[in-house]
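1. take this sequence and fold it.
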Amino acid sequence: MTKSKTTLFANCTTHGIQDGLSAAIYVLLPILAQSFGLNYGQVGLFKGAKSLVQSLLVVSSGLACERFGERRVLIFGLMMSGVGYILLSFAQTPNIILFCFLILGVGGAYHHAPSSALVSRAYSIDKRRRALGFYNSSGDAGKLIFTAMISVATIAAVSWQTVAFSYGVISAGLAVVIYWGLKQAGIGGLIPQSSKTDEIGGKLGWGILDRPRFSALLSTILMDSLVQSGVLTFVAFAMIAKDVPVYAATFAAVLILIGGMFGKAACGFLADRIGVRAAFATLQSMTALGLVLLVLMSSTAAFILLPILGIVLQGTSSITYVIVNDLIHPARTARGYSLVYSTTSLAGVAGPFVFGLIGDQYSIETAMLVMAFVAIAAILPCWFLKLNAGQAKA
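-> Numbering: from 1, shown residues only. Just a heads-up that it's a prediction; the model follows:
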């Protein structure tokens, strides 16, 4: 393979593993809640704690890439995720589970920013969107594979401990293979010092080229991610509230992720045809409608709806994330993506915890309706981003 294809393959593999391990938590949570008697608030706290650690460290991943190189940062993240799952397989109390989730947060912090930077630099501008599209899709493929395996294992009466241990071994083992491959290809080493200054020799800082637009982008991603994290965390519990057995309810997140995989592939084309603002507003409105219907429908109809909800719920990522490259200096791409992914991780903290408290205080159905309201509210900052974007298709 060429160097660019090697870069894409290695980072797609890393993305698939890391996103798969993160998404597997959504399927594990109902099982853990049943095993350890957790309420909605505790479920949100556990997921939020993982996301909090991840959000605090994501920004440092961009800085770490400049100091140690993307290759070492990527492998560190994979190894930590592997350790987190191996320890989780031996957990006997909720406190130990929480500790393992914190380790998983550390591992999850060190892959999006370095991988996005490597893929962006490996391809020219005219090929970058397609390469990043493949990269984003690889994460969805990983989510689907790792979550589906847990659901199938649950039906087959394989313990969650066995699955968790296997996931840890897979992550740690592939970390060694990926590191060797990247090193042999000379990919992901230290960036020369000369590239850390702009064309006239001035310091780049964070490399943000348009602060108002970048702030609008972060606000849009924050609100969108609040809904995504909330839905994925509690959709299985919403199905359980419809008297669906736990083993069947775990498939709810899998179905949404299946839809999300197709949504991320298709919604970028939708934005090219009708514009960023119109595409985002359409998807968010359909997400809100889907959440309302999910509350009102029977369990059978809700299962049919879930893949469609996944398409519109997660398809927005293909619209918002690509804009980062237009707003960040090429030498600071890792830092720019670290800010974006830190924002999504913060949403992963607030979303599950707040929506979990709402579910405990009122009902899981009320929590889903609040998510629908937030989905509509996310259109406002995207409108501001559009007005400042100056893109050809408004």
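2. going by C-alpha atoms from here, please, whenever you check contacts or count neighbours.
-> Will do.
3. show me the shaky parts of the stretch 101-250 of the chain.
-> In the predicted model of the stretch 101-250 of the chain, residues 125-126, 128-130, 133, 188-206 satisfy pLDDT under 70.
4. and with 80 instead?
-> Scanning the stretch 101-250 of the chain for pLDDT under 80 picks out the ranges 112-113, 116-117, 120-134, 136-137, 185-210.
5. the helices in it, which residues?
-> Here the stretch 101-250 of the chain has its helices, by DSSP state H, counting those that start in this stretch, at 112-122, 125-155, 160-185, 211-240, 246-249.
6. which helix or strand lies directly C-terminal to the longest helix anywhere in the chain?
-> Ranked by number of residues, the top helix in the chain under DSSP state H is helix 3-36. The helix or strand immediately downstream of helix 3-36 is helix 40-68, counting by DSSP states H and E.
7. of all the helices of the stretch 101-250 of the chain, which one is nearest Y362?
-> helix 211-240 (13.1 Å; C-alpha to C-alpha).
8. show me what counts as buried in the closest one.
-> By 16 or more other C-alpha atoms under 10 Å, the buried positions in helix 211-240 come out as 213-214, 216-240.
9. stretch 165-178 too?
-> Neighbour-count burial for stretch 165-178 flags 165, 167-172, 174-175, 178 (criterion: 16+ other C-alpha under 10 Å).
10. make JSON lines out of those and add distance to A157.
-> What follows is those, written out as JSON lines (distance: C-alpha to C-alpha, whole Å):
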{"residue": "F165", "distance to A157": "16"}
{"residue": "Y167", "distance to A157": "17"}
{"residue": "G168", "distance to A157": "20"}
{"residue": "V169", "distance to A157": "21"}
{"residue": "I170", "distance to A157": "21"}
{"residue": "S171", "distance to A157": "23"}
{"residue": "A172", "distance to A157": "25"}
{"residue": "L174", "distance to A157": "27"}
{"residue": "A175", "distance to A157": "29"}
{"residue": "I178", "distance to A157": "32"}
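11. looking at these, which is nearest V254?
-> Y167 (17.0 Å).
12. I'd say the closest one and L21 touch.
-> Yes. Between Y167 and L21 there is a contact under C-alpha atoms under 8 Å: 7.4 Å.
13. circling back: now the helices of the stretch 101-250 of the chain in CSV, with distance to V59?
-> Putting the helices of the stretch 101-250 of the chain into CSV (distance: least, C-alpha to C-alpha, whole Å) gives the following:
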stretch, distance to V59
helix 112-122, 8
helix 125-155, 20
helix 160-185, 22
helix 211-240, 14
helix 246-249, 35
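14. between these, which one is closest to V73.
-> For the helices of the stretch 101-250 of the chain, proximity to V73 was assessed by C-alpha to C-alpha; helix 112-122 is nearest, at 7.3 Å.
15. who touches the closest one?
-> Contact partners of helix 112-122, identified using C-alpha atoms under 8 Å, 6 or more residues apart in numbering, comprise 3-4, 7-8, 11, 15, 58, 61-62, 65, 70-71, 73-74, 128, 131-132, 135, 188, 330, 333-338, 341.
16. now which of the residues you listed would you call buried?
-> 4, 7-8, 11, 15, 58, 61-62, 65, 70-71, 73-74, 128, 131-132, 135, 188, 330, 333-338, 341.
17. so for G41, what's the nearest residue that isn't a sequence neighbour?
-> Among residues not flanking G41 along the chain, G356 sits closest, at 4.7 Å (C-alpha to C-alpha, 6 or more residues apart in numbering).
18. now the strand or helix carrying that neighbour: mean pLDDT?
-> Secondary-structure assignment from DSSP H and E places G356 in helix 333-361. Averaged across helix 333-361, pLDDT comes to 83.
19. likewise stretch 369-385?
-> Across stretch 369-385, the average pLDDT comes to 89.
20. for the residue lying closest to S60 once chain neighbours are set aside, give me its contacts.
-> Take S60 and drop its neighbours on the chain: the residue closest to it by C-alpha to C-alpha, 6+ apart is S338, 7.6 Å away. Counting by C-alpha under 8 Å, 6+ apart, S338 touches 58-62, 112-113.
21. what's the closest of those residues to F280?
-> Nearest to F280 out of these is H112 (C-alpha to C-alpha; 22.5 Å).
22. kindly provide the distance from that closest one to S219.
-> Counting by C-alpha to C-alpha, to the nearest Å, the gap from H112 to S219 is 19 Å.
23. ditto for M286
-> On the measure of C-alpha to C-alpha, M286 and S219 end up 20 Å apart.
24. how about I328, phi and psi?
-> Backbone geometry at I328, expressed as degrees, to the nearest 10, gives phi -130, psi 140.
25. repeat that for A91.
-> A91 adopts backbone torsions of phi -70, psi 140, taken as degrees, to the nearest 10.
26. how near is V349 to L289?
-> 24 Å.
27. of those two, which one has the most company?
-> Neighbours of V349 and L289, each counted by other C-alpha atoms under 10 Å, are more numerous for V349; the result is 26 against 17.
28. tell me how many other residues crowd D243.
-> Quick note: D243 (other C-alpha under 10 Å) scores 11 neighbours.
29. with G263 instead?
-> By other C-alpha under 10 Å, 26 other residues sit near G263.
30. same thing with the one 3 residues further on?
-> Summarising burial for A266: neighbours were counted as other C-alpha under 10 Å, giving 16.
31. likewise the one 3 residues further on?
-> A total of 14 residues lie near F269 under the criterion other C-alpha under 10 Å.
32. got a list of what it touches?
-> By C-alpha under 8 Å, 6+ apart, no residues touch F269.
33. any idea how far it lies from I97?
-> With C-alpha to C-alpha as the criterion, F269 and I97 are 41 Å apart.
34. who touches T6 in this structure?
-> 182, 185.
35. can you offset everything so residue one is 667?
-> Understood, numbering begins at 667; the last thing we discussed is T672.
36. pLDDT score assigned to it?
-> For T672, pLDDT reads 86.
37. G929 too?
-> Predicted confidence (pLDDT) for G929: 83.
38. just want the angle from whichever strand or helix holds it to helix 877-906.
-> Assigned by DSSP H and E, G929 falls within helix 917-940. Put simply, helix 917-940 runs at 150 degrees to helix 877-906, going by axes from the mean of the first three to the mean of the last three C-alpha atoms, to 10 degrees.
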